[in-house]
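Chemist: could you look at this predicted model? Sequence included:
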Amino acid sequence: VAPPSGKTEVPQAAPVAVFKLTADFRDDKDPNKVNLGVGAYRTDEGQPWVLPVVRKVEKIIADDHSLNHEYLPILGLPEFRSSSSKIALGEDSPAILENRVGAVQCLGGTGALKIGAEFLHRWHNGQDNTKTPVYVSAPTWENHNAVFANAGFEDVRPYKYWDAEKRGLDLSGFLSDLESAPEHSIFVLHACAHNPTGTDPSQDEWKQVAEVMKRRNLFVFFDSAYQGFASGCLDKDAWAVRYFVSQGFEIFCAQSFSKNFGLYNERVGNLTIVAKDNENLTRVLSQMEKIVRITWSNPPSQGARLVSITLNDPELFAEWKDNVKTMADRVLLMRAQLKAKLQALGTPGTWEHITEQIGMFSFTGLNPQQVQYMVKQKHIYLMASGRINMCGLTTKNIDYVAESIHEAVTTVQ
Amino acid sequence: MTFDFFAFIFYHIFLHYGSYRISVKHGCSCPFCCSSWWSEVQMGPPDPILGVTEAFKRDTNPKKINLGVGAYRDDQGKPYVLNCVRKAEAQIATKKLDKEYLTIGGLAEFNKACAQLALGPDNEVLKSGRSITVQTISGTGSLRVGANFLSRFHTVAKDVYLPKPSWGNHTPIFRDAGMQLKAYSYYDPKTCGFDFKGALDDILKIPEKSVIMLHACAHNPTGVDPRPEQWKEISALVKKRNLLVFFDMAYQGFASGDIDRDAWAVRYFIEQGHNVVLSQSFAKNMGLYGERVGGFTVVCKDAEEAKRVESQLKILIRPIYSNPPMNGARIASTILNTPELYKEWLVEVKDMATRIIRMREELVGNLKKEGSTLNWQHVTDQIGMFCFTGLKPDQVERLTKEFSVYMTKDGRISMAGVTSGNVGYLAHGIHTVTK
């Protein structure tokens, strides 16, 4: 009797869209091809960029023979966790001074969302909750749905966010979904540089959101993957997170250092937890440990060391901020140039959103057919949603991209 | 003014008492009311294994010994960074590689070499492409992905049979993935050895298609491994019972010092036609603990099935951590794929295993010197990093309290924490609490 393979019932799964896009781009032989897909920074030469400060700190680590490869604690490198939370909340955050901020080092922003979601499933709004609604923006990063669904939440729903017609924030829709959400619902908010739309609420709009969330007893879960990348200024990009904390909210904030440190493949993330007081925080962290232990036991050390050394050294910290500004500035430049070129070409429609949107991504407004045209005819790879990664634009390819968008808009319905 | 003052107070008491009544659990803004979102969250107990190290760190006794977590120590009791690791790191640094995301399944060169290490480079499975290996977050991450995979796709049976005892973290991992935990006899406390008959009797009763967990070598926590002839009988019985085999191999190289010998059971089972799933860790055998290097392999019936399985593993991994960390996998891959480094690694692994074997002998020797009349043969019979001393929980407690010797409550000690400098003291402590 042949032993069971037990796997005859394993169906082929569809590939993850954004990675398939990159794979297709790689296989494309066209000399004019442009990758505007996955969210990773590129230089004006279209190359990945390892931050100069990262190279410096790598050498510091390599030369330090007192370092070894021992296990980190379950919750991660302590210096990393505390300095990362300070980045999000501000060094002088009253919550930090009141000793009610804790953190879990996680594998990238995804890992931080995962651990946060698992905790909420176990302990939020009762125990082992599957029914509490989790609201994610319409649209949102596609992995948000899967993270919360896999953590056991049966009801992951959209909240209105993007207004396709006016190509901006649907504030009244957003607020009305907040008003009608069941109490204790979980809302995943993008701290800045909304992915994929690049459209953030203004400070005044955030205040309105906070007011409803407070009144309706909704849980605040920030996803902060682009701090520094949006405006080039860390503090400015953290305004929303800090505002909510100042209003007394207990929050989770999933931080990623993939983009702002360019440490994509080292999986550096931090789940910052702001609780009412230290006593609650302590119990929360003890339960976080149990979740981590059955997921990955303890997190990888290299990336956390890199970030921690940088954040805790004034000179290196200043150099990092400078590197971040370099990246943000190039993105801003590409935005300005793309808009200018489209306007010069007389491309139909309004293109203000290109410069009004913020961060790595832009929701162009191209429809699926127009996107297909871009990919198949012009070898310009972008997401079916019309999302482009501004970092994929360079001074060398921007004309080609602008012309192609023009063609798509004028010839494809 | 007094009236206003009291009115102010009463108004706020009423307001906040009122809102407290309406909703106990909410994160509101008022500074003097209501509970936190987390007031019902219970305090979790410290991890039984990792908690031992935390307790050890707090101890101020200069003679303290940490025999808790399985991390190798050299004869000075210091963490050991392998030379081949340092060399690999230096080599990698010169390449000035970028930090772009790995694919969900991880570094391809690592995955290939990882599978080859376990199965042997000329294995028919690898030649035919009928397996898939994904890079994972060390052994824990591998087990977790594996548990999630089986829970989702091995729907014919929900039961996982662990050896009694098994690594403490196996149970909560499989449980959280939605599997049911059962056990088969394994350790015989009377002999401190393998309960072969008990294991066979229990395996015979396992319902068809259930998952059976086997420790490939250096069983954790007992250090008791079946002999090859015993493995052969187990394989035949498992085949007869039509069970799905999940191998956990966290110590390849560490048990005997020989990576092929330590992988013998895995290779034998595959040869016998079991399409196994396998977790591997490089935490111990490459000393890459904190870099989190591991692999999860599924042996399938053909390459087409392997492709389907791969696609589903990606779907499972993406919502956990998207893609794995590069650093450790790059180091491991460099070592496995560079002949001189690979040779050097084999020597270093053998040296680590040899030191442990020597410490076992010295511990027994010292116990005899202390005058212990108990039978300590199991200490040298057992293999790998751990030794199941046979100490009872109260004896363990005494050993910790009176001698600052830290170990897990089940009597397990990590031989890696024993040195020529502390083995005498350890023997003295053990003898004191057991005489």
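Modeler: Cool, got the structure.
Chemist: stretch B:113-126: which residues count as buried?
Modeler: Of all the residues in stretch B:113-126, those buried under the rule 16 or more other CB atoms under 10 Å in any protein chain shown are B:A113, B:C114, B:A115, B:Q116, B:L117, B:A118, B:L119, B:G120, B:N123, B:V125, B:L126. Where C-beta positions appear, they are placed from N, C-alpha and C, glycine not excepted.
Chemist: and which of those residues is nearest to chain A?
Modeler: B:V125 (12.4 Å; CB to the nearest CB).
Chemist: how about the secondary structure of A:F252?
Modeler: Three-state call for A:F252 (DSSP: H, G, I helix; E, B strand; the rest coil): strand.
Chemist: burial count for it?
Modeler: By the criterion of other CB atoms under 10 Å in any protein chain shown, A:F252 has 27 neighbours.
Chemist: if we can go back for a sec, quickly check the buried residues of stretch B:113-126 for the two that are furthest apart.
Modeler: Farthest apart among the buried residues of stretch B:113-126 by CB to CB are B:A113 and B:V125. That separation is 14.8 Å.
Chemist: off-centre distance for the helix or strand where B:V396 lies?
Modeler: In this assignment (DSSP states H and E), B:V396 forms part of helix B:393-403. Here the centre of helix B:393-403 is set off from its chain's centre by 25 Å, with CA atoms, centre = their mean, to the nearest Å.
Chemist: same question, stretch B:335-355
Modeler: Distance of stretch B:335-355 from its chain centroid, counting by CA atoms, centre = their mean, is 21 Å.
Chemist: please apply the same query to stretch A:192-212.
Modeler: With CA atoms, centre = their mean as the basis, stretch A:192-212 stands 14 Å off its chain's centre.
Chemist: again with stretch A:287-297
Modeler: That offset, for stretch A:287-297, works out to 23 Å (CA atoms, centre = their mean).
Chemist: and for stretch A:404-413?
Modeler: Once both centres are worked out by CA atoms, centre = their mean, stretch A:404-413 turns out to sit 30 Å from its chain's centre.
Chemist: got it, and stretch B:107-120?
Modeler: The chain centroid and the centroid of stretch B:107-120 are separated by 19 Å, computed with CA atoms, centre = their mean.
Chemist: can I get it in CSV? Just the C-alpha atoms.
Modeler: Extracted in CSV, the C-alpha atoms of stretch B:107-120 (Å, rounded to 0.1, in the frame of the first residue of the first chain):
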residue,chain,number,x,y,z
LEU,B,107,16.8,32.2,-1.3
ALA,B,108,16.8,29.6,-4.0
GLU,B,109,20.5,28.6,-3.6
PHE,B,110,19.8,28.1,0.1
ASN,B,111,16.7,26.0,-0.5
LYS,B,112,18.4,23.7,-2.9
ALA,B,113,21.5,23.2,-0.6
CYS,B,114,19.2,22.7,2.4
ALA,B,115,17.3,19.9,0.7
GLN,B,116,20.6,18.3,-0.5
LEU,B,117,22.0,18.4,3.0
ALA,B,118,19.1,16.5,4.3
LEU,B,119,18.4,14.1,1.5
GLY,B,120,21.9,13.6,0.1
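Chemist: that one near chain A at all?
Modeler: No - in terms of CB under 8 Å from any CB of the partner chain, no part of stretch B:107-120 sits within range of chain A; the closest distance is 9.0 Å.
Chemist: got the contact list for that stretch?
Modeler: Residues outside stretch B:107-120 that contact it (CB atoms under 8 Å, 6 or more residues apart in numbering or on different chains): B:105, B:123, B:125-126, B:131, B:133-135, B:249, B:252, B:259-260, B:263, B:266-267, B:270, B:278, B:280, B:282, B:293, B:295, B:297, B:324, B:326, B:329-330, B:332-333, B:336-337.
Chemist: tell me, how many residues neighbour B:N242?
Modeler: B:N242 is flanked by 18 other residues according to other CB under 10 Å.
Chemist: burial count for the residue found closest to it once you drop the neighbours it is linked to in the chain?
Modeler: Closest residue in space to B:N242, ignoring its immediate chain neighbours: B:E208 at 4.4 Å, by CB to CB, 6 or more residues apart in numbering or on different chains. When neighbours are counted by other CB under 10 Å, B:E208 registers 13.
Chemist: three-state assignment of B:E208?
Modeler: B:E208 ends up coil, using three-state DSSP.
Chemist: rewinding a little: among the contacts of stretch B:107-120, which ones are in helices?
Modeler: B:125-126, B:259-260, B:266-267, B:270, B:326, B:329-330, B:332-333, B:336-337 (DSSP state H).
Chemist: got those as CSV, with distance to A:G228 columns?
Modeler: Below are these laid out as CSV (distance: CB to CB, whole Å):
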residue, distance to A:G228
B:V125, 47
B:L126, 45
B:I259, 45
B:D260, 50
B:V266, 47
B:R267, 50
B:I270, 50
B:M326, 22
B:A329, 28
B:R330, 27
B:A332, 32
B:S333, 32
B:L336, 37
B:N337, 37
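Chemist: pLDDT weak spots in the chain?
Modeler: Just going to use chain A. Scanning chain A for pLDDT under 70 picks out the ranges A:1-8.
Chemist: can you look at chain B instead?
Modeler: Looking along chain B with the criterion set at pLDDT under 70, you get B:1-34.
Chemist: show me where it has strands.
Modeler: B:65-66, B:131-137, B:159-164, B:180-185, B:187-188, B:193-194, B:211-215, B:244-249, B:277-281, B:293-299, B:386-388, B:405-406, B:412-414 (DSSP state E).
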